[in-house]
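Chemist: Compute the structure for the input listed below.
(chains A and B)
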There are 2 protein chains.
Amino acid sequence: MLTMQEALARLTAYWTEHGALIVQPMNTEVGAGTLNPATFLRVLGPEPWRVVYVEPSVRPDDSRYGENPNRLQTHTQLQVILKPDPGNPQELYLGSLAAIGIDVAAHDVRFVEDNWASPALGAWGLGWEVWLDGLEITQFTYFQQAGGINLDPVSVEITYGIERIIMALQDKQHFKEIEYAPGVSYGEVFGQSEYEMSRYYLDDADIEANRKLLDIYAGEAQRMIDAGLPVPAHSYVLKCSQAFNVLDSRGAVSTAERAAEFGRMRRLAGEVAKLWVARRAELEHPLGLVVDREPAPVPATVQTGDGPRTLVFEIGTEELPPAELRNAREQLQRLVTEGLAGTRLAHGDVRVFGTPRRLIAVVPEVAAREDDHVRTVRGPKTQAPAKAVEGFARGHGVDPGALATEEFNGVEHYVLHKEETGQPAPQVLAEVLAKVTGGLRSAKNMRWNDPKLAFSRPLRWLTALWGDDVVPVAVSTLAAGRRTRLLRTANPPVVDIASAETFVETLGVNGIVADHEDRRELIVVGAQDLVYPDGRVDVTGEAALIDQITDLVEQPLPLLGTFDEGYLTLPDAVLTTVMRKHQRYLPVRDEDGKLLPMFVTVANGPVDVELVRTGNEAVLRARYEDARFFYRADLDTPLADMKARLDRLTFTDKLGSMADRAGRIGSLAITLGERLGLGSPVLARAAELVKFDLGSQLVTEMTSLAGVMAREYASHAGESRAVAEAVFEAELPRNTGDSLPRTVPGALLSLADRLDLVAGLAATVGLPTGSSDPFAVRRAVLGLLAVHRSTPELASLSLLDALALAAQPVPVSPEVLAAVGDFLAKRLEQALTEEGQPVDRVRAVLPHFARPSVADTLLAQLDVAVEDEAFAAVAAAIQRARRIVPDGTPAGYDVGVLKEPAELALHEAVTAVVLPSEPDLTQFVAATRGLVEPVNTFFDDVLVMADDPAIRAARLGLLVAVRDLGDGLLDWPQLRL
Amino acid sequence: MLTMQEALARLTAYWTEHGALIVQPMNTEVGAGTLNPATFLRVLGPEPWRVVYVEPSVRPDDSRYGENPNRLQTHTQLQVILKPDPGNPQELYLGSLAAIGIDVAAHDVRFVEDNWASPALGAWGLGWEVWLDGLEITQFTYFQQAGGINLDPVSVEITYGIERIIMALQDKQHFKEIEYAPGVSYGEVFGQSEYEMSRYYLDDADIEANRKLLDIYAGEAQRMIDAGLPVPAHSYVLKCSQAFNVLDSRGAVSTAERAAEFGRMRRLAGEVAKLWVARRAELEHPLGLVVDREPAPVPATVQTGDGPRTLVFEIGTEELPPAELRNAREQLQRLVTEGLAGTRLAHGDVRVFGTPRRLIAVVPEVAAREDDHVRTVRGPKTQAPAKAVEGFARGHGVDPGALATEEFNGVEHYVLHKEETGQPAPQVLAEVLAKVTGGLRSAKNMRWNDPKLAFSRPLRWLTALWGDDVVPVAVSTLAAGRRTRLLRTANPPVVDIASAETFVETLGVNGIVADHEDRRELIVVGAQDLVYPDGRVDVTGEAALIDQITDLVEQPLPLLGTFDEGYLTLPDAVLTTVMRKHQRYLPVRDEDGKLLPMFVTVANGPVDVELVRTGNEAVLRARYEDARFFYRADLDTPLADMKARLDRLTFTDKLGSMADRAGRIGSLAITLGERLGLGSPVLARAAELVKFDLGSQLVTEMTSLAGVMAREYASHAGESRAVAEAVFEAELPRNTGDSLPRTVPGALLSLADRLDLVAGLAATVGLPTGSSDPFAVRRAVLGLLAVHRSTPELASLSLLDALALAAQPVPVSPEVLAAVGDFLAKRLEQALTEEGQPVDRVRAVLPHFARPSVADTLLAQLDVAVEDEAFAAVAAAIQRARRIVPDGTPAGYDVGVLKEPAELALHEAVTAVVLPSEPDLTQFVAATRGLVEPVNTFFDDVLVMADDPAIRAARLGLLVAVRDLGDGLLDWPQLRL
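Modeler: Reported below is the predicted structural model:
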């Protein structure tokens, strides 16, 4: 049996054979091999670097006392950096798996999108997790940025999770059973340490001490930056990170504090990176420089036929993320269509296909050459001097006599009619396809070893055929040929395509299903077959997941797996979150919709089915084991104890602990309830409990379950259904489009939560600016508005008043409250316009931003009112009055001066109006309907600006009264009628 | 060329082939692989453990900005632990050198005594540094204790210094030139880090921050100990150690503070170790248990001759330290001689020989069997009942009639005369030699894989021959044979000995010179030959070193090496300290005694001379380079700046910085000088400078040069010779037997230094107790006494008064001062008796402990006085008076009551005595000479205890006056006359 230490030695040897040097693990605790300066610093700058090293990676959060089969507070990474990208890093990687005896063809090895970003390091990259039968065994990343600096050249980072790989290889169910060295198990060697360090990280680390450490480390890091020493500075950044992680695993870090600390670390890491780059330049790059790759030579142009033939163009990629693949197919369709439209090649309809590893355009009946064509070239005006005319003719190699004339914008010009022969298809297509290739873009683009291209993942080959002939496309370092690549496990893994017409068929013969719909069908039918008759897959409900899976494979092979029925005692949400989100497995349910202990996974290509099934089952078991560990621990914990843990979670320095925050939320909700006459025992109890599940282990682990678990645990603890629902609803909406509270207690708590966040942060940290909104204040404000609007019981509540209430525990200045008001108004404006409301109406109702449901009402009423002539007339009158009355004109007028009947009629009508007490457009229209005629008559008959100043003043005063009728209802000038 | 990373891989592979498992370096900074829990914790307890790992070892003190060719703040150790000792660890080790291509036969590979102790870890072991051509490449240790716990089984620790080994293998002069990986140099990879971390450790680390870190770490360590978690606790102990090392390299740790911190770390490490052992027992020792080796089977007894033959007995050892070898030879002589004396074997004189790897006893003419012998067994008394007599006879298997009678202490007993046949030599010798072997002890004994034996180094084989026959000795796991081992590089490395008579010759033929004197002669003659005629080796002056070298080799091969003349600008003391102390090289001088740029080293056995010479020269070059680095830096530093650095050296928390201490010393010396009328400008200036060289880099590095460098640097800076001498003498005596100050300013400073230390520590830390004396207060007190005694000008100074003066800056209570007085007195008593003074006289003069030179004078006078009858008589009288006079008898008497002539004569004589003002025995004798006769007559004629109370009182009073004559001079009752 391959021991773990032997596996490490073989992988190390494999990579040194491929030119890597070996360094040692970092001598301070790191969460990942990426943090080792051999990665973080070396990926910066222009020097080449190829390295392999082991990195025992410390993740305090993953502490499980050594009990969980798959989670360890210290796991072993093998880290490889290839700088620059060698062009075939995936193939090299698969070779390394073979070096430790993994039969890549028998297993289901997959590259599943996993973009990596380390906010604390200002670093990100695009890549994958590599799955071995559903088990994540490797992180594979093209590093794009580190310390906020764009990387050029790009490095490939390959991080092996050694324990997982070895468990799979040795068929072990628990990491402790790994044969670490001959005759010695992992547990025998590391079991005690795993237990004890878990104790430290989970239970015993002193929070105060680690806080101090964090600050001292940050201080030293800054000092070293100031001293111009990136290496020691980096080491202290790493220590910061570890101290932070310890605090985190001790539950002493709130979301807000996390953002603040990440900000500090990111800033430090950024300065370290800058310094490092500068130092290496000063040292004149001791390891030399990476040289850009040369452009590929353009293939020779050959054209063997002259009838119309099919064009096939394949762009070979490394595994594209499903969403990007969908997007890329559409782009390809558009780019090829437009490209061809720009030529004079006759052709059939463009069809596109795509799998994770290829984008294909097929165009039937592409003519052998462009149509011939007469092009008109405009010359000088006919009035131009003869010299100019001669020059023009000479320039085109013709006699002046050969020129014709033509009128342009009414002016006569000389023109030349040039006959242009259509170009042969390969030549024309080559140009079009090169543009297509270079023009592809994704939502998030990356760079690799090509100096000019950028896309979602590297483009590695081009296959381009027009009929039997290669289309001589060349783009940067890529040149097309007739060879395509098959599944990596095929033997041989490449095939030459005879002609464009046989391309898709050749792929199909080799197992690759190019069409998304075909693959989807294979999956759906295959999955239902597998689970029949015991259960069914909810094809409609899981449509998004199925679409995703479809774009994760080239040759779908659905497999049925099972899990222990015991896990069904876990909440449905927990089980399916794990299946869908973590594993992309399809849940299987019985006819009542109850989960069955089985799942469908879809492998890629021919594999050893039993091997892959067993592997996937083991992965799910481990994940459920983990979830059960927390769930049981939580169920054994009284709600009060969970809630008590909030004491240990800091919200922000100035805003206290999460317990303080929960306390504020609870009492604010109750106060609001009292003010609105919405108080109830349910609200009172829910306010006591609110946010308690942040102290549960499951939510600590799977934050997306916050609220869901609160409801679950509250019910389990015997709380009433209404209370359980309210603590769940307090978390709603969790994101845009999420459901909203349906009960009043839930709505009040949700509101209080968001009011507290906004008021507190506005007063201490400030409102978000630009793209930076670490505390998600925008989302909170949108939530505030949404909840208010969806809860009629809250209509009378002004959010500004509510904010002022929320601001009582923290001193918030009137200026800040005003700024928050502006912010709220802007968000409401944005929300309403995004909902399709005309912007003028939105702005007209915006004065009611603090009671957004009033704005909603007014908008709805406006919808009706604008059809009403009376409203139109009144509104027009109001606006006309505004325009006429100069600013600063006093209200009130001397009725005695008024003489004209129209004046007097209007005066009476205005005086008779009884305005509604609340902003209500319907009532307002009803109340002012009587004005329509007098107003119209007034404007028809009366000259406001009379020569007599007294008369003029009285008339203006009368108009002021008209104008002010609409005050407090709408922002009239905004309204376009 | 073997790259460094390849060498690490090969060594790792070699040890895994020999059953080691591989672990990773520690993920917190450690100074050595020993600190990794894979060593520190795993050597504890009964579980087996065999491990190999790389450990980048951080030594902030070794920071040199990457400039020094051989010193790095982070160097790479390869660490191997073999638990239990496999019995042949040295051979396994040499095999590992071969695995990386080192031709062990061509190089001079040596095991040079180096006992390892880590005060901070409560750990120690015995072993060697392994030298490759004079270069220390490996530390090889038999671990005896860790965390204060005795280790059973013992572990072998092998620590390779990889950079040094690779530099030697690749023939590089600077570590940066090492080929680390193919085409990549060490400097290219690690140069920047080396520079920057040096900057941190030497210049930029924040002292306050690191002090805080140290305290926080210690706090967490203690908390984890209290929580029963040795693994995290250990990790924090390591962090303590690193923080401490950073402070140290920043020059922020005084000797005293070092002792205190080591104490804390030792205590923590001890608790960690205890906890670990307990936890492993609770876990039932997951890795199993080491089983003791079985005793060796006793060889068969064969005796082929019956004439007297030579006995040869060889105990094969691993390399013994020279001092232990000397001691072991003497022991062997005694044990064999005594052992044989306890037999009835006729034999010649015992001769012993020894080399580092063998102890040999040769005894000629050992008879083939013991003489026959009649033994007398004592039975019951003749008066005893018959039954008892019969029982005795039956017990010995004889008739009662066969018993004889004999008288014991005048009582008649039955006896039995038993005829005992002498036993054959092999049998008798086997018993004797087994006892000899088991009885060997060294000053510091260790244990290895033998369950019963203990010695300076492991005993690995026994060769025992009587003539042609093997003496069947068996001791624990060792059994003798006729096979001996030769040099490890011999081929084959063992030889069978035909007969005892040919043993020493056989060794000689194989190059091994068994006799110390022969080896010494070879070295001396060889060395002088090598340097003739340019220079000479000072054979007398270097006698101790030559003796040491002689016992470092079995086959001496002196080699001449040279070094760059440029280094001769370094002070002689620096050059020779390096040569003698670090390298065991013999310095070479010209006829004027000036050093020449050459040295003699002595290799062991046949080697490639050029290779070994080159290697040794490179080592010396590196060491001198290092020294020059510091020396030059120091010369460029004004004395005031060096002195200013003392501010940064804490002496102890309560006693301030080393600058404070130097200040106290200076002003105390001046005060004392004034009091004694010994003030001078020299004293004043020297007092300003005193201890400044502790701020120099060379002394920081080579502390044994403190004072020497002060003189050097002071002279260089233009101070007068007297001042330079005084700052040198201030440090004297540095140890027992060291020279003492010869000038008064030097003596005063030396005294002040020690007074300050003693007073300060007594007041704050307390006086040393038991064997613990971390601040060397005992040595300081001995220094005080020695300086006082050797400086006549100080005779009138009471050390108690001086201590009281020294105590002024720190409040010292009278009780503490009294305790210091007692302590002083005890040390003086000890010193004087060790000098050979009779203990009674020493105690008699001890009241003068505070002025030890007075005690000296009195002792010298006593020496004369005891020959003087007058003194004898007076002394006898005084003592007689003491005995007679009851305690509490008042002084004074009524002269009028005295009537007897003898009474009156004594009264007159006593009254006439004029005692000397100072304690002076000669004057005292002269002054009391007149008493002799009256006293004698008084005792002859007068009955003191007269019946008449008045007379009795007067006579007693008279005796009180006699008794009190000697008061303040001697403690008379102590004196035995």
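
Chemist: contacting residues for the residue of the stretch 601-750 of chain A found nearest chain B?
Modeler: Nearest to chain B, among the residues of the stretch 601-750 of chain A, is residue A:648, at 16.8 Å (C-beta to the nearest C-beta). Yep, even glycine has a C-beta here, placed from its N, CA and C like the rest. By C-beta atoms under 8 Å, 6 or more residues apart in numbering or on different chains, residue A:648 lies in contact with A:207, A:250-252, A:657.

Chemist: pLDDT at it, what is it?
Modeler: Looking at residue A:648, its pLDDT is 73.

Chemist: again, but for residue A:256
Modeler: Per the predicted model, pLDDT is 68 at residue A:256.

Chemist: now residue A:44
Modeler: At residue A:44, the model reports a pLDDT of 97.

Chemist: For it, give its distance to chain B.
Modeler: Separation of residue A:44 from chain B (C-beta to the nearest C-beta, to the nearest Å): 12 Å.

Chemist: what residue ranges in chain A score low on pLDDT?
Modeler: Within chain A, the stretches with pLDDT under 70 are A:255-256, A:770-771.

Chemist: Need the contacts of residue A:648 in CSV (columns: distance to chain B).
Modeler: Listed next are the contacts of residue A:648 as CSV, based on distance: C-beta to the nearest C-beta, whole Å:
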residue, distance to chain B
A:207, 11
A:250, 12
A:251, 18
A:252, 15
A:657, 22
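
Chemist: buried subset of the residues you listed?
Modeler: A:250-252, A:657 (16 or more other C-beta atoms under 10 Å in any protein chain shown).

Chemist: between those, which is nearest residue B:187?
Modeler: The shortest approach to residue B:187 among these belongs to residue A:250, at 42.2 Å (C-beta to C-beta).

Chemist: So that closest one is in contact with residue A:209, correct?
Modeler: No - contact status for residue A:250 versus residue A:209: not in contact, 10.7 Å apart, counting by C-beta atoms under 8 Å.

Chemist: Tell me, how many residues neighbour the spatially closest residue to residue A:970 that is not a sequence neighbour?
Modeler: Nearest non-adjacent residue to residue A:970, counting by C-beta to C-beta, 6 or more residues apart in numbering or on different chains: residue A:844, 4.5 Å away. Each residue near residue A:844 was counted by other C-beta atoms under 10 Å in any protein chain shown, and the total is 24.

Chemist: For residue A:844, which residues are in contact?
Modeler: By C-beta under 8 Å, 6+ apart, the residues touching residue A:844 are A:858, A:862, A:970-972, A:974-975.

Chemist: got these as a markdown table, with distance to residue B:490 and neighbour count columns?
Modeler: As requested, these are arranged in a markdown table below (distance: C-beta to C-beta, whole Å; neighbours: other C-beta atoms under 10 Å in any protein chain shown):
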| residue | distance to residue B:490 | neighbour count |
| --- | --- | --- |
| A:858 | 107 | 24 |
| A:862 | 109 | 22 |
| A:970 | 110 | 23 |
| A:971 | 106 | 15 |
| A:972 | 112 | 17 |
| A:974 | 106 | 15 |
| A:975 | 110 | 19 |
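
Chemist: Is it possible to get a markdown table of these that adds secondary structure and distance to residue A:677?
Modeler: Shown next, in a markdown table, are these (DSSP: H, G, I helix; E, B strand; the rest coil; distance: C-beta to C-beta, whole Å):
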| residue | secondary structure | distance to residue A:677 |
| --- | --- | --- |
| A:858 | helix | 24 |
| A:862 | helix | 29 |
| A:970 | coil | 29 |
| A:971 | coil | 31 |
| A:972 | helix | 34 |
| A:974 | helix | 34 |
| A:975 | coil | 34 |
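
Chemist: Please, where are all the strands along the stretch 551-700 of chain A?
Modeler: A:556-562, A:586-589, A:595-604, A:650-652, A:656-657 (DSSP state E, counting those that start in this stretch).

Chemist: And the contacts of the first one?
Modeler: What it means is strand A:556-562. With C-beta under 8 Å, 6+ apart as the criterion, strand A:556-562 contacts A:513, A:519, A:522-523, A:526-527, A:529-531, A:549-550, A:585, A:597-607, A:609, A:612-613, A:616-617, A:620.

Chemist: check contacts around the nearest residue to residue A:86 once chain neighbours are set aside.
Modeler: Excluding the flanking residues, the one nearest residue A:86 by C-beta to C-beta, 6+ apart is residue A:92, at 6.6 Å. For residue A:92, the contacting residues are A:18, A:82, A:86, by C-beta under 8 Å, 6+ apart.
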